[in-house]
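Student: pasted the sequence and its predicted model underneath.
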There are 2 protein chains.
Amino acid sequence: MLLICNNGNFDTTHDMTELLKQHISNHIPLTNKEMEEFCNLFQKKIIKRKNFLLREGEVCKFEGFVTKGIFRVYHIDKSGAEQILYFAIENWWVTDIDSFTNERPSQLFIEALEDSEVLLISKKDKEFAYTNLPKIEKLFRVMTQKTHVALQRRMIDNLSKTADQRYLDFIEKYPQLHQRLSNLQIAAYLGISHEFLSKIRNKIATKR
Amino acid sequence: MLLICNNGNFDTTHDMTELLKQHISNHIPLTNKEMEEFCNLFQKKIIKRKNFLLREGEVCKFEGFVTKGIFRVYHIDKSGAEQILYFAIENWWVTDIDSFTNERPSQLFIEALEDSEVLLISKKDKEFAYTNLPKIEKLFRVMTQKTHVALQRRMIDNLSKTADQRYLDFIEKYPQLHQRLSNLQIAAYLGISHEFLSKIRNKIATKR
DNA sequence: TTGATTTATTGAACTTGTTCAATGTTTTTA
DNA sequence: TAAAAACATTGAACAAGTTCAATAAATCAA
């Protein structure tokens, strides 16, 4: 039996970038060589529940691909209230794109809501990928576009819909998220107080 | 004197893509040849006030760079209320990115609020640019990222701030827009009724 | 330049959502 | 497994924002 010493963060029994490779294949075709070259730029990191991947004021040094668990990306305003920008579960990317690309202090927190695992790539390595693997530039342009379209929809919904409707939309659109999140988190995402969410849930429950 | 017949949409006295070239130069360095090749893919279109560049249900066939005037990109919900996703003035891009990239019917309207002019590029020509001019792929990735960051900020503001504060932020952030827009348009952007905006304005005016 | 249309203001009644405080329930941790 | 911590629910008083209707002011089109 072959024993190789590692720091415990390595999984030598199978490829930990499997999920990532699958994810990329769903977007663009890459040769095996390209895929290896790109995925080798990532490092796995384990984050326990309630720990932070990023805190306000820090410069975001990574872009992350979630392979296990769930993160919330949120802001805390002057009055201390939390607004959740988005959640990231398995197969989602997580970063503060502003802080990461412009290397300025983040206004956001990124916190694990469950024991989680992410694959991280540094800015330098991502730049390397952009210049050496043109398809990767395309991949991220397309993904950013998709994320942007989704945020446009959410913006319009927030401008036009009532909290009841936004909650119903949320549980319909993200049933898997709904099950894994507390109502506090969902309320912070919807932009309402958790007490009011509770009343909405009550109203919905008694109405059927 | 030399007379050349054209359909009136051509301006032969000077390069109508001047603004666009300036804009691109601010983002990335291109050789003269690249710049010409890319800018030649655009066609100028004149849109009179209250006319539409795009209507709900149509597939958005263009990406546009505004050289004169002002557009609003908006959605009309079931109850008939309008939500403005963004405004585009000189030096801004305007399109329905979802409809354009995925070639599906738009949910948005794009309307000129003043007599306006845009430079339009088709999907085919943009694809051509992406494959033949790698720097253009980078340009649009970077621009989409910037737009996305701005929308993230707006999302957080809408979740956390009161309408009064959002209005004050708006006139501080976009003083030039504020002057050119009616309060109806601003209210639809802020996601409030124009009556309420009027009351906010009154409150602000009497408070100082 | 006038008549028509669009935009802005104001008030009253109403709806949506917040805040605070009290209480119960569930989950976590030692 | 007990105590602590986090989460959820409810009610009452309040604040933020909407709706409708009436009127004034500004702008547009002929």
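Tutor: Perfect, I can see it now. Predicted model only: the values in this text are computed from it and were never measured. Residues are numbered from 1 along each chain as shown, chains lettered A, B, ... in the order given.
Student: number of residues surrounding A:T162?
Tutor: By the criterion of other CB atoms under 10 Å in any protein chain shown, A:T162 has 9 neighbours. To be clear about C-beta, it is placed using only N, CA and C from the backbone, and glycine gets the same treatment.
Student: which parts of chain A are helices?
Tutor: Secondary structure of chain A (DSSP state H): helices located at A:18-25, A:32-39, A:97-102, A:123-132, A:134-160, A:163-173, A:175-180, A:183-190, A:194-207.
Student: closest to B:L177 out of these?
Tutor: Proximity of the helices of chain A to B:L177 was assessed by CB to CB; the nearest stretch is helix A:134-160, lying at 17.3 Å.
Student: thinking again about what came up before, which one of the helices of chain A lies closest to A:Y74?
Tutor: helix A:183-190 (6.6 Å).
Student: who's in contact with A:M35?
Tutor: With CB atoms under 8 Å, 6 or more residues apart in numbering or on different chains as the criterion, the residues that contact A:M35 are A:K21, A:I24, A:S25.
Student: count the residues that sit near the last one.
Tutor: Neighbour count for A:S25, taken as other CB under 10 Å: 11.
Student: and for A:L53?
Tutor: A:L53 has 24 nearby residues by other CB under 10 Å.
Student: ok, the nearest residue to it once chain neighbours are set aside to A:K126 distance?
Tutor: Distances taken as CB to CB, 6 or more residues apart in numbering or on different chains place A:I110 nearest to A:L53, at 4.2 Å, with adjacent residues excluded. Applying CB to CB, to the nearest Å, the value for A:I110 to A:K126 is 17 Å.
Student: likewise for A:E117?
Tutor: A:E117 is 19 Å from A:K126, by CB to CB.
Student: still on that earlier bit, more neighbours, A:I110 and A:K126?
Tutor: A:I110 (25 against 20).
Student: quick one: contacts for the more buried one?
Tutor: For A:I110, counting by CB under 8 Å, 6+ apart, the contacting residues are A:F52, A:L53, A:L54, A:F71, A:R72, A:V73, A:V94, A:T95, A:D96.
Student: can you rerun that using 7 Å?
Tutor: A:F52, A:L53, A:L54, A:F71, A:V73, A:V94 (CB atoms under 7 Å, 6 or more residues apart in numbering or on different chains).
Student: could I get these as JSON lines with pLDDT?
Tutor: As requested, the contacts of A:I110 are exported to JSON lines (pLDDT from 0 to 100):
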{"residue": "A:F52", "pLDDT": "96"}
{"residue": "A:L53", "pLDDT": "97"}
{"residue": "A:L54", "pLDDT": "97"}
{"residue": "A:F71", "pLDDT": "98"}
{"residue": "A:V73", "pLDDT": "98"}
{"residue": "A:V94", "pLDDT": "98"}
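Student: and the residues you listed, which are buried?
Tutor: For the contacts of A:I110, a burial check counting by 16 or more other CB atoms under 10 Å in any protein chain shown picks out A:L53, A:L54, A:F71, A:V73, A:V94.
Student: DNA strand D next: which of these are close?
Tutor: With the criterion set as CB under 7 Å from any atom of the strand, no member of the buried ones among the contacts of A:I110 is near DNA strand D.
Student: what residues does chain A have near chain B?
Tutor: A:75, A:77, A:81, A:83, A:85, A:97-98, A:101, A:134, A:137-138, A:140-141, A:144-145, A:147-149, A:151-152, A:154-156, A:158-160, A:191 (CB under 7 Å from any CB of the partner chain).
Student: buried among those? Need that as a selection in ChimeraX.
Tutor: The following ChimeraX line selects those of these that are buried, judged by 16+ other CB under 10 Å:
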select /A:75,83,85,97,98,101,134,137,138,140,141,144,145,147,148,149,151,152,154,155,156,158,159,160,191
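Student: ok so, going back, among the buried ones among the contacts of A:I110, which one sits closest to chain B?
Tutor: Nearest to chain B among the buried ones among the contacts of A:I110: A:V73, at 9.3 Å, using CB to the nearest CB.
Student: so that closest one bridges to which residues?
Tutor: When assigned by DSSP bridges, A:V73 has beta-bridge partners A:Y86, A:I110.
Student: for it, give its distance to B:R141.
Tutor: 21 Å.
Student: now swap in A:Q185 and tell me
Tutor: Relative to B:R141, and taking CB to CB, A:Q185 is found at 31 Å.
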